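S.K.: sequence unknown, structure follows:
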């Protein structure tokens, strides 16, 4: 049975933090491939046109032999719901053990996800630690990792109370404080985003005037 990862999100825009999380997951559990699934129509927030976000992800991962765009995303048919994404991917890639890759903040919302009872049991979960908590300002990195582990265990306990046992692990990776929200704000303020995103993504954003006040 092959082992494959799923990394989904709005990717508005995709940045080095996303890529680092996917790379660490790939190596930590020896995945054959990581499938990227940009969300066409997020039901919880507004987003840049899907065609732009999809193209930026394609450019960001183009030189990685083990990163690929989901075939359902490439046809613009992907669902906003994780369970539907998994169902469609299972039909495309049978005989696969799936690993869902996500950040700690998203993992904390898992007990509220649509049809989570099915999703939790069908995947193993690889969770990227959070950079900082206001309660831990000034703490060493080890303290931040410990806090992320504790939060993950709390999520697992909440799921147990709902009748689900989750298989999950924290990713062993550098803590990177880059967010898509910050990058969009940098663009609006006309600050450089060089080294925050892959160069091909930076050029695409500039060429299409994304995230500026006028766009």
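M.R.: Thanks, I have the structure now. Predicted model only: the values in this text are computed from it and were never measured. Residues are numbered from 1 along each chain as shown.

S.K.: which residues in this protein form helices?
M.R.: For the chain, the helices defined by DSSP state H cover 16-28, 50-61, 71-74, 82-92, 104-108, 116-122, 141-161, 180-188, 199-207.

S.K.: now the ones you listed as TSV including mean neighbour count and distance to residue 9?
M.R.: Backbone N, C-alpha and C define where each C-beta goes, glycine included. Output for those, formatted as TSV (neighbours: other Cβ atoms under 10 Å; distance: least, Cβ to Cβ, whole Å):
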stretch	mean neighbour count	distance to residue 9
helix 16-28	20	7
helix 50-61	20	9
helix 71-74	18	11
helix 82-92	17	11
helix 104-108	17	8
helix 116-122	17	16
helix 141-161	15	18
helix 180-188	16	9
helix 199-207	16	14
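
S.K.: Which elements pack onto the helix or strand bottoming out on mean pLDDT in the chain?
M.R.: Within the chain, confidence by mean pLDDT, DSSP states H and E is lowest for helix 71-74 among all helices and strands, at a mean of 80. On a contact count with 3 or more Cβ pairs under 8 Å, 6 or more residues apart in numbering; DSSP states H and E, helix 71-74 meets strand 33-38, helix 82-92.

S.K.: tell me the average confidence for the shortest one?
M.R.: I take that to be strand 33-38. Averaging pLDDT along strand 33-38 yields 97.

S.K.: Give the residue spans of the chain that score low on pLDDT.
M.R.: For the chain, residues meeting the criterion pLDDT under 70 lie at 42-45, 74-79, 131-145, 214-215.

S.K.: before we move on, the earlier item: which other residues reach the least confident helix or strand of the chain?
M.R.: Contacts to helix 71-74, defined as Cβ atoms under 8 Å, 6 or more residues apart in numbering, come from residues 36, 37, 38, 40, 54, 78, 85, 88, 89, 92.
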